[in-house]
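Colleague: got a predicted structure here, sequence first:
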Amino acid sequence: MTEVPERRRVRRAVATERLTGQASATVELRLVDPSPTGARIEHLALLRPGGRCTLRLPVPSRSLALPAQIVWTTVVGQERISEGEQALRYQSGLMFGALSPEQERGLADLLTKLHPELS
């Protein structure tokens, strides 16, 4: 049997004990209905209930990053993503974690911009 040549530029270490960590990915989403305590979002990638994420929203002159927990996720339909290819479309409910005063102000500004009649 012939040996397969190493393709990596650097050799990897082997973990001899179980190590855990977290990896995050960017999920494109549509904000459906935000509130001071959470939001409903719509997206194509599955988000699992119980997981944590950071909701990043553009607000005037800055980006607002809000820590959140995924409370629920449900399939709401399908969406055509390319010729002959479809993906499930999901909605998820997020509950915001502890927000700093700056995050609270940014969220309040966003809510006022979206619904001026509620302020």
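Modeller: Structure received. Numbers count the residues shown, from 1 in each chain.
Colleague: in which helix or strand does Ser92 reside?
Modeller: In the assignment (DSSP states H and E), Ser92 maps to strand 85-96.
Colleague: now do that strand, average pLDDT.
Modeller: For strand 85-96, the mean pLDDT works out to 95.
Colleague: which strands border it, and is each parallel or antiparallel?
Modeller: Counting by DSSP bridges, the strands paired with strand 85-96 are strand 38-43 (antiparallel), strand 62-82 (antiparallel).
Colleague: wait, which of the ones you listed is closest to Glu102?
Modeller: Glu102 lies closest to strand 62-82 among the strands paired with strand 85-96, at 9.0 Å (CB to CB). Where C-beta positions appear, they are placed from N, C-alpha and C, glycine not excepted.
Colleague: need the winner for burial among the strands paired with strand 85-96.
Modeller: Mean neighbour count (mean count of other CB atoms under 10 Å) peaks for strand 38-43 among those, with a mean of 18.
Colleague: what does that strand rub up against?
Modeller: The contact list for strand 38-43 (CB atoms under 8 Å, 6 or more residues apart in numbering) reads 27-34, 55, 68, 71, 76, 89-96.
Colleague: among these, name the buried ones.
Modeller: With burial judged by 16 or more other CB atoms under 10 Å, the buried subset of the contacts of strand 38-43 is 29, 34, 55, 68, 90-94, 96.
Colleague: okay if I get those as JSON lines plus distance to Arg80?
Modeller: Below are the buried ones among the contacts of strand 38-43 laid out as JSON lines (distance: CB to CB, whole Å):
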{"residue": "Leu29", "distance to Arg80": "18"}
{"residue": "Pro34", "distance to Arg80": "27"}
{"residue": "Leu55", "distance to Arg80": "26"}
{"residue": "Ala68", "distance to Arg80": "29"}
{"residue": "Tyr90", "distance to Arg80": "16"}
{"residue": "Gln91", "distance to Arg80": "18"}
{"residue": "Ser92", "distance to Arg80": "21"}
{"residue": "Gly93", "distance to Arg80": "25"}
{"residue": "Leu94", "distance to Arg80": "26"}
{"residue": "Phe96", "distance to Arg80": "32"}
